[in-house]
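mind looking at a prediction? Sequence and model below.
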Amino acid sequence: MKQFEVKPLFGGDVINWYTPTNVTLWLFLAILAVTALMVLTTSKRAMVPTRGQSMAELAYGFVYKMVEDVTGKDGIKYFPYIMTLFLFILMANFLGLIPMSFTTTSHIAVTAVMGFGVFIAVTILGFVKNGASFLSLFWVSSAPLALRPILAIIELISYFVRPVSHSIRLAGNMMAGHAVLKVFAGFAQVAAIAPIAIFGVIAIYGLEVLVSAIQAYVFTILTCVYLKDALHPHH
């Protein structure tokens with residue numbers, strides 16, 4: 001599990017809140033990667049796009065369509081926030097696949113900040129937009145009257161579990177995949193099973209590329225679903 005250890009960049013063993021660590025470095029690199037994709041590749045836009053511009057436009061269109069389909073026209077104004085989340089998670093996941101790198105999204109401390117950030121933002125937005133009627137989200141009016149209080153308790157618990165499941169899902173998937181890669185890499189050192197282990201590493205690595213993209217998508221679409229509940233609690 002050494003690949004998940006947080007270490008200071010400049011030696012020493014003591015880590016304070018201001019200490020630059022490998023987490024700090026790879027978070028910064030993820031920001032640089034997002035900037036390179038969305039700013040540098042589109043700074044000289046052309047009718048015939050370059051590969052970088054095509055990737056940026058594809059990502060933009062993909063997330064925009066997702067936000068519009070899930071939240072409706074009212075949610076488009078929050079597109080920049082959701083787009084930023086998607087690209088940051090995607091880049092952090094992909095950077096973690098580089099040998100000798102650090103996967104920041106495998107740490108619950110990183111994913112929890114994003115998960116609870118979404119939870120707090122949509123809860124505040126729900127009350128700002130709807131006032132006390134936002135609480136109707138927890139009252140299942142279509143259910144029999146006798147069941148409504150029980151369902152309200154279940155819905156309330158489910159609502160407050162959202163940021164936990166939102167963050168743990170991403171961190172757990174990234175950590176599990178990288179741990180499996182490490183196990184297969186260890187088996188590759190044994191001559192008798194090295195060919196099979198190497199094939200396994202290649203297969204798992206390909207799967208991890210797919211999982212990295214899927215987890216960024218899942219985190220983003222769940223954010224859209226929570227945003228929809230805040231904007232339209234009666235639906």
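Cool, got the structure.

tell me the mean pLDDT over stretch 33-52?
The pLDDT scores in stretch 33-52 average 84.

show me the contact partners of that stretch.
Outside of stretch 33-52, the residues within contact range by CB atoms under 8 Å, 6 or more residues apart in numbering are 53, 55-57, 59-60, 84, 87-88, 91, 94-95. Backbone N, C-alpha and C define where each C-beta goes, glycine included.

may I see the buried residues of that stretch?
Buried residues in stretch 33-52, defined by neighbour count with 16 or more other CB atoms under 10 Å: 33-34, 37-38, 41-42.

just name the closest of those residues to Thr123, please.
Thr123 lies nearest to Val34 out of these, by CB to CB, at 26.3 Å.

so for stretch 206-221, what gets flagged as buried?
Quick answer for stretch 206-221 (16+ other CB under 10 Å): 208, 211-212, 215-221.

Pro233 against Leu137, yeah?
Yes - assessed by CB atoms under 8 Å, Pro233 is found in contact with Leu137 at 4.0 Å.

what's the overlap in contacts for those two?
Common neighbours of Pro233 and Leu137 (CB under 8 Å, 6+ apart) are Gly126.

for the lengthiest helix in the chain, what is the average pLDDT?
Determined from DSSP state H, the single longest helix within the chain is helix 148-187. Helix 148-187 shows a mean pLDDT of 89.

next SSE downstream of it?
helix 194-231 (DSSP states H and E).

quick one, that following helix and helix 148-187 angle?
Taking axes from the mean of the first three to the mean of the last three CA atoms, to 10 degrees, one finds that helix 194-231 is oriented at 160 degrees with respect to helix 148-187.

off-centre distance for helix 194-231?
9 Å (CA atoms, centre = their mean, to the nearest Å).

coming back round to it: who are the packing partners of the longest helix of the chain?
If contacts are counted by 3 or more CB pairs under 8 Å, 6 or more residues apart in numbering; DSSP states H and E, helix 148-187 sits against helix 108-130, helix 194-231.

touching the first one from outside, list them.
Think helix 108-130. 23, 27, 81, 85, 89, 92, 104-105, 134, 137, 162-164, 166-168, 170-171, 219, 223, 226-227, 229-231, 233.

now with 7 Å, please.
Helix 108-130 has contacts (CB atoms under 7 Å, 6 or more residues apart in numbering) with 85, 104-105, 134, 162-163, 166-168, 170-171, 223, 226-227, 230-231, 233.

report the buried residues of that helix.
Neighbour-count burial for helix 108-130, counted by 16+ other CB under 10 Å, picks out 108, 110-112, 114-115, 117-119, 121-123, 125-126, 130.

before we move on, what about stretch 7-24?
In stretch 7-24, counting by 16+ other CB under 10 Å, buried: 21, 23-24.
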